[in-house]
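Engineer: The following block contains a protein sequence and its predicted model.
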Amino acid sequence: MSATPDSTLATPEQLIADLRRQLAEREAELADYKAELDEALQRETATAEVLQVINSSPGDLTPVFDAMLEKATRICDGAFGVLLAWDGGRFHRVAFRGVPNEVIEALQQPMTPVPGSFADHLVRGERVISTADLRETEHLRGPGREAFLRHGARSSVHVALRKEERLLGGITLYRLEVRPFTGKQIALLQRFAEQAVIAMENARLLTETREALEQQTATAEVLQVINSSPGDLAPVFDVILGKAHSLCDAALGSLNVCDGEYVRAVATHGLPEEFDKMIRQPIPILPGGLYERLSRGERLFHVPDVAEHEQTHPSGRAGVEIAGMRTTLAVPLRRDDALLGYITAFRQEVRPFTYKQIALLENFAAQAVIAMENARLLGELHQRTDEVAELNRGLEARVAEQVEELGRVGRLKRFLAPQLAELIVSQGDENILESHRRDIVVVFCDLRGYTAFTETAEPEEVLEFLRQYHGALGPLVSQYEGTLDQFSGDGIMVFFNDPVPCPDPAERAVKMAMAMRDAAAKLIATWRLHGCELGFGAGISQGFATLGQIGFSDRSGYTAIGTVCNLAARLCAEAKDGQILVSSRIAEAVKAVVKLEDLGNLELKGLRRPVAAFNVVHSAGAADARPNLTVVATGPGA
């Protein structure tokens, strides 16, 4: 920075000279700054214009590459520009700028990187290669370098196009003088390279989406033809072949079926009439031919140039001579391990099919197999129509029997556990429900305070409570395989050991009653919050009773009658909230599995003599010591 002039010592001429010098310096700085702004604006404008081209040409890379290369060459002051695409094995020059026509013609063919060349360095991972003078790079020899040197190229820069670490191509600029590209210019080229990658990825995604949509549409159309032509394979094969060849870019081909001895075409596409007629006739299967190779398990038959392939079959030679076949692809039609035929696709130029096209043809082959299977199954179905009709008549009779059986099961399930009802019906003998005498265990249970509850509660409340009460206790009857005699308000009667005997009726009855007590306790606790004071009690006794069906034709039930039922009802009436009172016979049968309280002899209404009663406290665990009887009180006659 210049020193400030001393106004006390300097002459006016010196002051003017210093001010002019400072003004010139500021103007130079301003010019440099303006030049930088112009360059930045030019770069941003070019970037925006390229992005606009990308947006306006979705999937079409040619205008994008041309616009990008033009702007990169112009802004970076290059004489020649080339944009290359990498397919994984070779470079393809896809855009040129300022390049002489003879160079373009010489470099049109795909290029395999020469070891040590610029292209080889890009493939091996380098992102930027800047060269001050191509004449000084004898160690980087390659066809591109030599061609541009002959036309005066000197300085060059190569920038890789990469998606993450995957190489997609490169941008190369040349100058006709030794003037290396600056860091800013290289950075701009890298920005253009990023835009080129975006455009290439967009094009790839659009192409894949379009191809996927075309494939799905073709598949849907084939499936539609299969559904609309059951048993008729001709239209199905025609559609499959047409769609397959269209999507695989094949000019001609056929769909062939085999019977183990002969092969014949059942559908063709694009074949000359003479060759078409030839392959539609049965052709013997010869050793070493296409069918034999596929029958040995080969996944496909793919020959880049069938004209150079040794022909062992007359139809193969005719295909080359008459139809002009060159690249050939055949995939088998397989059902499990059986070879049903094959589908072919031919090109009249040497251009091998891609992996995607092979996979697509295999997909259409799978659809052809589905159609053939459908036709086979439909044929078998027609052959067996009479058999099926006869079976249907027999089935109708059996269904009628089963409906009747289900009705019987439904009727029995109204008062029997489901498994018992199904057992009776499966044995086909309902005589066991006729009147008979048997030793049974009867359980009565009801609610304490229920009558008072019904007097004060609304009918809807009572009905809702009973629904919850029966819904909680009813399933326990089936769980313990009891026979439900009745639901009567809050009262429930269940008996065991009939109509199907069981080895432990007393134990089942007591365990069911305890489960009911627990379930009822939860409901009672909930309803107590609503101001309802209720309790649960049960009585259980064992003895002989007479059992059988009662009722009339439209509605019947199964019940037990006898003193054992009265005793259980009276024990239930005597039980306090939470008690399960059992007779002495029940107590003797279950003393090993539950803890009992001896209540002594109780005077029960309707019974002439006192009855020994016991209260079931809880199940006997490992910690409970025997005996499980506790004397609580002694009643009359004890």
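Structural biologist: Yep, it's here.

Engineer: For the stretch 201-350 of the chain, which segments are assigned as helices?
Structural biologist: Here the stretch 201-350 of the chain has its helices, by DSSP state H, counting those that start in this stretch, at 233-248, 273-280, 290-295, 314-323.

Engineer: May I see these organised as CSV, with distance to residue 211 added?
Structural biologist: For every residue, glycine as well, the C-beta is placed using N, CA and C. Compiled in CSV, the helices of the stretch 201-350 of the chain are given as follows (distance: least, C-beta to C-beta, whole Å):
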stretch, distance to residue 211
helix 233-248, 8
helix 273-280, 29
helix 290-295, 27
helix 314-323, 27
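
Engineer: Using TSV, lay out those together with mean neighbour count and distance to residue 526.
Structural biologist: As requested, these are exported to TSV (neighbours: other C-beta atoms under 10 Å; distance: least, C-beta to C-beta, whole Å):
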stretch	mean neighbour count	distance to residue 526
helix 233-248	20	66
helix 273-280	15	83
helix 290-295	19	74
helix 314-323	17	86
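
Engineer: Sketch out the strands for the stretch 201-350 of the chain, chain order is fine.
Structural biologist: Chain-ordered strands for the stretch 201-350 of the chain, with DSSP state E, counting those that start in this stretch as the definition, fall at 253-258, 262-269, 283-284, 301-303, 327-335, 338-347.

Engineer: and residue 501, which of the helices of the stretch 201-350 of the chain is closest to it?
Structural biologist: When the helices of the stretch 201-350 of the chain are ranked by proximity to residue 501, the top entry is helix 233-248, at 64.5 Å, counting by C-beta to C-beta.

Engineer: State the phi and psi torsions of the closest residue to residue 470 other than its chain neighbours.
Structural biologist: Sequence neighbours aside, residue 487 is the residue nearest to residue 470 in space, at 5.9 Å (criterion: C-beta to C-beta, 6 or more residues apart in numbering). Summarising the backbone geometry of residue 487 under the convention degrees, to the nearest 10, its torsions are phi -110, psi 120.

Engineer: Need the single longest strand in the protein, by residues.
Structural biologist: In the chain, ranked by residue count with DSSP state E as the criterion, the top strand is strand 535-552.

Engineer: Buried residues, it. List them.
Structural biologist: By neighbour count on 16 or more other C-beta atoms under 10 Å, the buried set for strand 535-552 is 535-543, 545, 547-548.

Engineer: Quick check: next helix or strand after that strand?
Structural biologist: Elements were assigned by DSSP states H and E; along the chain past strand 535-552, the next helix or strand is strand 555-561.

Engineer: Report the mean per-residue pLDDT for that following strand.
Structural biologist: When pLDDT is averaged over strand 555-561, the result is 81.

Engineer: So in terms of bridging, what pairs with residue 598?
Structural biologist: For residue 598, the beta-bridge partners under DSSP bridges are residue 614, residue 631.

Engineer: Can I get stretch 547-558 in CSV, CA atoms only?
Structural biologist: The C-alpha trace of stretch 547-558 is given here as CSV (Å, rounded to 0.1, in the frame of the first residue of the first chain):
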residue,chain,number,x,y,z
LEU,A,547,-81.4,-88.3,33.7
GLY,A,548,-82.9,-87.8,30.2
GLN,A,549,-84.3,-85.4,27.7
ILE,A,550,-87.4,-83.3,28.5
GLY,A,551,-89.3,-80.8,26.4
PHE,A,552,-91.1,-81.1,23.0
SER,A,553,-90.1,-81.4,19.4
ASP,A,554,-89.2,-77.8,18.8
ARG,A,555,-87.3,-77.3,22.0
SER,A,556,-85.8,-79.8,24.3
GLY,A,557,-83.3,-80.0,27.1
TYR,A,558,-81.3,-82.6,29.1
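
Engineer: can you give me the offset of it from its chain's centre?
Structural biologist: Relative to its parent chain, stretch 547-558 has a centroid offset of 54 Å by C-alpha atoms, centre = their mean, to the nearest Å.

Engineer: Stretch 561-570 too?
Structural biologist: A distance of 62 Å separates the centroid of the chain from that of stretch 561-570, by C-alpha atoms, centre = their mean.

Engineer: And it, what's buried?
Structural biologist: Along stretch 561-570, the positions that meet the burial threshold by neighbour count (16+ other C-beta under 10 Å) are 562, 564-570.

Engineer: How about exporting that stretch as PDB, limited to the C-alpha atoms?
Structural biologist: The C-alpha trace of stretch 561-570 is given here as PDB (Å, rounded to 0.1, in the frame of the first residue of the first chain):
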ATOM      1  CA  ILE A 561     -83.800 -85.300  38.700                       C
ATOM      2  CA  GLY A 562     -83.100 -86.700  42.200                       C
ATOM      3  CA  THR A 563     -82.200 -85.900  45.800                       C
ATOM      4  CA  VAL A 564     -78.600 -85.200  44.800                       C
ATOM      5  CA  CYS A 565     -79.900 -82.100  42.900                       C
ATOM      6  CA  ASN A 566     -82.000 -80.900  45.800                       C
ATOM      7  CA  LEU A 567     -79.000 -81.300  48.200                       C
ATOM      8  CA  ALA A 568     -76.700 -79.300  45.900                       C
ATOM      9  CA  ALA A 569     -79.300 -76.600  45.700                       C
ATOM     10  CA  ARG A 570     -79.800 -76.500  49.500                       C
END
